[in-house]
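>>> no sequence on this one, just coordinates:
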């Protein structure tokens, strides 16, 4: 059995009381002049990356090629100024209201000519960092001038700026030629200057013949800091899509525990930790669509826990396309989804219908206008000793990880995790959701619940009673679904006024009379959180709720 999109909510049907609540909230929203969300762009270095669009938003030929685990040649050819900018270009179809918060990152293909065979006979041509004139004909001139024109195009469309995918190698790394360390540093020092002078402020370093060389990556980070202090440099370990499981290009040491910390006898986690001792950003890397939540969540919390307030942890984590993980755990997000994803018979590559979950991106990004992502060593991370385990049997056409076709994969993650605060209390559900919470450096808080995955039952959103303890009244981001949410202030403060707003909307309302207060605690029903947290949804969007509470 396959699931194009099946999300099961474990709760009873809508009651007359719920209908009255819906009516009350709609009436308040219709008369509201309150907007709780800052208008200015956030400072978190999140981005939308062209890679998934290059693969899944072009045509069925590309889709068949990608699902068949073809090389990067076809997707690289799809990256052109026409695809990105022309009406209706990919960037134009992205939510306008959050472009100013995000970099637009050009992935593999921007600096090579069309028809190149970089994965087969010409891998060395990757990394020139010279924008391809045949793909971007409006950007002419020197390499630096071309980058500057590309960045100008991106900013004119409302984005924070352009970012670029950088191969972890030089174009001198050809057959029979190995440049010296000094030559490599000189090569990248020049290109960092190109980006600095062009206003390019994000490098997504990936792949390449030097991708697994930590000394090379440390050198690159040092050069970037010296020559372009405003440049965010992202590193990542080239992981397979499943934690502690088989992947043809990853470690042969796996035990199928589904746990990131066990992978390759702990060496995978150690490498990620070491990368973050000098990186601005660490990307948690590729996953499967079906098991994205446990795979990504476990990577994030295990890396965070490995620092546990260590001062060397100055970088931040990019958890790729899990926006509510980013919002609730103080990470950046590298958005991959896009509303132009195509559908084709026999290809269930987007099982959660992410093309229609763009509001989740908006909610996460707008929350980070309140509370930006923060460094991994800033505060302590607590992990539950109990793990949730999710399963998926992969059928043909469901994943580019085709070596797993016909097999069941298990991925595990702590049932609860927290940053800088006590673990959330969770009860009332036979199948508990993943629940995480954080205290941010600015004194705000966030809490989130996440779906469970099962090949037989599909995607489940179990409702639970969740309780968190905050220090004092503040802004609180709330993501996902609940049976109830109890918030207690440890300093004994009694909330006088409570406001709420869907982070995807532009109207807030007071809900003080709709919550149950008891001294320094108050309880919100899951129905209240759902109605408010989806009140700003776009038509046909199926994202989970996400709202901000303003407690005064």
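Perfect, thanks for sending it. Keep in mind it's a predicted model, so treat the numbers as computed, not measured.

>>> hey, let's count contacts and neighbours off CA atoms from now on
Fine.

>>> The closest residue to residue 440 other than its chain neighbours: how many residues sit nearby?
Leaving out its chain neighbours, the residue that sits closest to residue 440 by C-alpha to C-alpha, 6 or more residues apart in numbering is residue 371, at 6.6 Å. Neighbours of residue 371 under the rule other C-alpha atoms under 10 Å: 26.

>>> cool, residue 381 as well?
Neighbours of residue 381 under the rule other C-alpha under 10 Å: 25.

>>> Next, give phi and psi for it.
phi -110, psi 130 (degrees, to the nearest 10).

>>> Tell me who's in contact with it.
Counting by C-alpha atoms under 8 Å, 6 or more residues apart in numbering, residue 381 touches 301, 304-305, 308, 417-420.

>>> pLDDT and neighbour count for those residues - can I get that in TSV?
Compiled in TSV, the contacts of residue 381 are given as follows (pLDDT from 0 to 100; neighbours: other C-alpha atoms under 10 Å):
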residue	pLDDT	neighbour count
301	98	24
304	97	27
305	97	21
308	85	18
417	98	26
418	98	25
419	97	27
420	96	18
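
>>> Against residue 204, how distant is residue 283?
9 Å (C-alpha to C-alpha, to the nearest Å).

>>> and if you look at residue 334?
The gap separating residue 334 from residue 204 is 10 Å, by C-alpha to C-alpha.

>>> returning to that earlier point: tabulate the contacts of residue 381 (CSV), appending distance to residue 462 and secondary structure.
Putting the contacts of residue 381 into CSV (distance: C-alpha to C-alpha, whole Å; DSSP: H, G, I helix; E, B strand; the rest coil) gives the following:
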residue, distance to residue 462, secondary structure
301, 21, helix
304, 26, helix
305, 26, helix
308, 30, coil
417, 17, strand
418, 20, strand
419, 23, strand
420, 26, coil
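
>>> okay, those residues in JSON lines with distance to residue 20 next?
Output for the contacts of residue 381, formatted as JSON lines (distance: C-alpha to C-alpha, whole Å):
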{"residue": "301", "distance to residue 20": "40"}
{"residue": "304", "distance to residue 20": "43"}
{"residue": "305", "distance to residue 20": "44"}
{"residue": "308", "distance to residue 20": "46"}
{"residue": "417", "distance to residue 20": "35"}
{"residue": "418", "distance to residue 20": "35"}
{"residue": "419", "distance to residue 20": "37"}
{"residue": "420", "distance to residue 20": "38"}
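
>>> which among these gets closest to residue 451?
Minimum distance to residue 451 across these is 15.0 Å, recorded for residue 417 (C-alpha to C-alpha).

>>> So which helix or strand of the protein has the lowest pLDDT on average?
Here the helix or strand of the chain ranked lowest by mean pLDDT, DSSP states H and E is strand 7-10, holding a mean of 57.

>>> Past it, which element shows up next along the chain?
helix 16-30 (DSSP states H and E).

>>> Other residues contacting that next one?
507-509, 527-528, 531-532.

>>> Out of those residues, list just those in strands.
Under the assignment DSSP state E, the contacts of helix 16-30 contribute residue 509 to strands.

>>> Low-confidence ranges, this protein, go.
Scanning the chain with the threshold set as pLDDT under 70 gives 1-16, 117-124, 175-176.

>>> Can you list phi and psi of the residue nearest to residue 440 for me?
phi -130, psi 100.

>>> change the start of the numbering to 24 and stick with it
In the new numbering, first residue 24, that becomes residue 394.

>>> That one contacts residue 465, doesn't it?
Yes. Using C-alpha atoms under 8 Å, residue 394 is in contact with residue 465, at 6.8 Å.

>>> Run a quick neighbour tally on residue 62.
Using other C-alpha under 10 Å, residue 62 has 12 neighbouring residues.

>>> Quick check: longest helix in the protein by residues?
Assignment by DSSP state H gives helix 204-221 as the longest helix of the chain.

>>> Contacts made by the helix or strand following that helix with the rest, please.
Under the assignment DSSP H and E, the closest C-terminal helix or strand after helix 204-221 is strand 225-229. Contact with strand 225-229 is made by 126, 128, 185-191, 254-259, 261, as judged by C-alpha under 8 Å, 6+ apart.

>>> how about 10 Å then?
Applying C-alpha atoms under 10 Å, 6 or more residues apart in numbering, the contact partners of strand 225-229 are 68-70, 72, 126-131, 184-192, 215, 218-219, 234-235, 240, 243, 247, 253-261, 304-306, 308.

>>> Would you list the strands that the helix or strand hosting residue 188 pairs with, along with their directions?
Using DSSP H and E, residue 188 maps to strand 184-190. Its sheet considered, strand 184-190 pairs with strand 126-129 (parallel), strand 225-229 (parallel) by DSSP bridges.

>>> where's that strand relative to the chain centroid, distance-wise?
17 Å (C-alpha atoms, centre = their mean, to the nearest Å).

>>> Likewise for stretch 252-270?
Distance, centroid of stretch 252-270 to centroid of chain: 13 Å (C-alpha atoms, centre = their mean).

>>> Name the residues of that stretch that are buried.
For stretch 252-270, the neighbour count (16 or more other C-alpha atoms under 10 Å) marks 254-270 as buried.

>>> now do stretch 477-491
Going by neighbour count (16+ other C-alpha under 10 Å), the buried part of stretch 477-491 is 477-478, 481-491.

>>> same thing with stretch 409-419?
410-419.

>>> from what I can see, residue 154 looks like it's in a strand, true?
No. The assignment for residue 154 by DSSP: H, G, I helix; E, B strand; the rest coil gives coil, which leaves it out of any strand.

>>> Just the element for the closest residue to it other than its chain neighbours, please.
Closest residue to residue 154 apart from its sequence neighbours, by C-alpha to C-alpha, 6+ apart: residue 134 at 4.5 Å. Using DSSP H and E, residue 134 sits in no helix or strand.

>>> quick one, what contacts residue 134?
With C-alpha under 10 Å, 6+ apart, residue 134 has these contacts: 99, 102, 148-156, 158-159, 166, 187-189.

>>> redo that, cut-off 7 Å
151-155 (C-alpha atoms under 7 Å, 6 or more residues apart in numbering).

>>> Redo those residues as JSON lines? Include distance to residue 207 and neighbour count.
Formatted as JSON lines, the contacts of residue 134 follow (distance: C-alpha to C-alpha, whole Å; neighbours: other C-alpha atoms under 10 Å):
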{"residue": "151", "distance to residue 207": "12", "neighbour count": "20"}
{"residue": "152", "distance to residue 207": "14", "neighbour count": "24"}
{"residue": "153", "distance to residue 207": "16", "neighbour count": "18"}
{"residue": "154", "distance to residue 207": "20", "neighbour count": "24"}
{"residue": "155", "distance to residue 207": "22", "neighbour count": "20"}
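
>>> quick check, nearest of those to residue 178?
residue 154 (17.0 Å).

>>> quick one: that closest one from residue 70, how far?
20 Å.

>>> what does residue 446 give?
In terms of C-alpha to C-alpha, residue 446 sits 29 Å off from residue 70.

>>> Check residue 159 too.
Residue 159 is 21 Å from residue 70, by C-alpha to C-alpha.

>>> repeat for residue 288
In terms of C-alpha to C-alpha, residue 288 sits 32 Å off from residue 70.

>>> hang on, residue 256 packs against residue 304?
Yes. Checked against C-alpha atoms under 7 Å, the pair residue 256 and residue 304 is within contact range at 6.3 Å.
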